[in-house]
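Novice: What follows is a predicted protein model with its sequence.
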Amino acid sequence: MKRIISLALCFLILLFAVGCSAAEDEKSDDNLIVVGFSQLGSESDWRAANTQSISLALSEENGYKLLFDNAKQNQENQLMAIRNFILQGVDIIVLAPAAETGWDNVLLEAKAAGIPVIIVDREVSVEDENLYMGRIGSDFLKEGEIAVSWLGNKLVSLGRGTEQINILHVKGTDGSTAQIMRTRALEEGVAGRSNWTIAAQLSGEFTEAKGYEVVRDYLKTNTDIDVIYSENDNMTFGAMRALDEAGLTYGENGEIIIISFDAVREALGYCLEGKINLCVECNPLHGALLDQLIKQYYAGESIPKYTYVEEAYFTRDNLSLEFIENRLY
Ligand code: GYE
């Protein structure tokens, strides 16, 4: 009998505990800011670092409930995800858009539902800029201009300032701001220099697999290249593999100068080894800034329309192993 009573008592205590924690959960959930984050994909190391930065900053301990959707590089999936977030009545929508255009309707729907939208990373091109509250990201044109002017100086320092220079251009996802602006900087740079030519423009979609494939196929018929301008590190890794297979040399001691964007840890390692000549940084750490903007918004403060992240560029000369090891991405 004693045993039965103590069992029943345990059961009651358990029920009470479960009830309490459920109630607590409900209570704390109510106080959390619910954020629906439509991430465009997981195509690159940069993207993984961006997702991680935002997930860490918008944690439950920091007052958020994060609903995450990975669109796998497909804008249709992003439209669906945003419509789902609206249906679920989230407090804020964060959008990392695959392409610049095609957002007007869905952003109007979010606005009609009274849900503010913050854009991260690439830009959206919409008729009414009030369709989103603010954007956090990079100045992609500036990144491209840094690369072009570095190349000009590098060629002069090698005594090749007036030589004919053939540039193989490996482009990121067509229609994304990172592609549009990095491409614009290169095309303007080439237009302004009579001895530079773009040998070909290949579409590598920001992935290592595609970067490898397009460069490998190109090299089957043409190996007369002086420079590879690759719009992200993962495509660069693919291009390096294709060059190795074709028996072409590159980097500080090779025939082909390699310029890469993002400056993720692996690329900086290659840069330090002299295999990549220039890494232009694209900073994926948007999490803390995003958290700050959302908190400002809830405090009734106005938030800036554009917040640019800080970026640098790296060559073998300004890198060290210690710096690379301590880097967050
Ligand atoms: O450079 C690339 C990623 O939009 C900044 O997208 C981003 C670019 C980045 O996949 O690696």
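Specialist: The structure has been received and is ready for your questions. Numbering: from 1, shown residues only.

Novice: How much space separates the closest residue to residue 102 other than its chain neighbours from the ligand?
Specialist: Excluding the flanking residues, the one nearest residue 102 by C-beta to C-beta, 6 or more residues apart in numbering is residue 75, at 6.0 Å. C-betas here are computed from N, CA, C, even on glycine. Per C-beta to the nearest ligand atom, to the nearest Å, residue 75 is found 14 Å from the ligand.

Novice: now do residue 136
Specialist: 12 Å.

Novice: for the protein, which spans come out with low pLDDT?
Specialist: 1-29 (pLDDT under 70).

Novice: So is the helix or strand hosting residue 93 next to the ligand?
Specialist: In this structure, residue 93 sits in strand 92-95 according to DSSP states H and E. No: remark: strand 92-95 sits outside contact range of the ligand, by C-beta under 6 Å from any ligand atom, the gap being at least 12.6 Å.

Novice: Could you list the paired strands of that strand along with their orientation?
Specialist: Using DSSP bridges, the strands paired with strand 92-95 are strand 33-39 (parallel), strand 117-120 (parallel).

Novice: by how many degrees do the helix or strand just after the first one and strand 33-39 diverge?
Specialist: Helices and strands here follow DSSP H and E; after strand 33-39, the next one along the chain is helix 45-57. Using axes from the mean of the first three to the mean of the last three C-alpha atoms, to 10 degrees, the interaxial angle of helix 45-57 with respect to strand 33-39 works out to 170 degrees.

Novice: quick one: the helices in this protein?
Specialist: 2-31, 45-57, 75-88, 104-112, 140-157, 177-191, 208-219, 233-246, 265-273, 287-298, 321-325 (DSSP state H).

Novice: just to revisit the earlier point, quick one: contacts of the strand holding residue 93?
Specialist: Residues outside strand 92-95 that contact it (C-beta atoms under 8 Å, 6 or more residues apart in numbering) are 33-38, 54, 78, 82, 85-86, 103, 110, 115-120, 124, 132, 290, 294, 297.

Novice: give the contact list for the most centrally placed residue in the chain.
Specialist: Nearest to the mean C-alpha position of the chain, by C-alpha atoms, centre = their mean, lies residue 47 at 4.4 Å. Neighbour list for residue 47: 39, 40, 41, 284 [criterion: C-beta under 8 Å, 6+ apart].

Novice: For residue 282, see how far away it is.
Specialist: According to C-beta to C-beta, to the nearest Å, residue 47 and residue 282 sit 11 Å apart.

Novice: What of residue 190?
Specialist: Applying C-beta to C-beta to residue 190 and residue 282 gives a distance of 21 Å.
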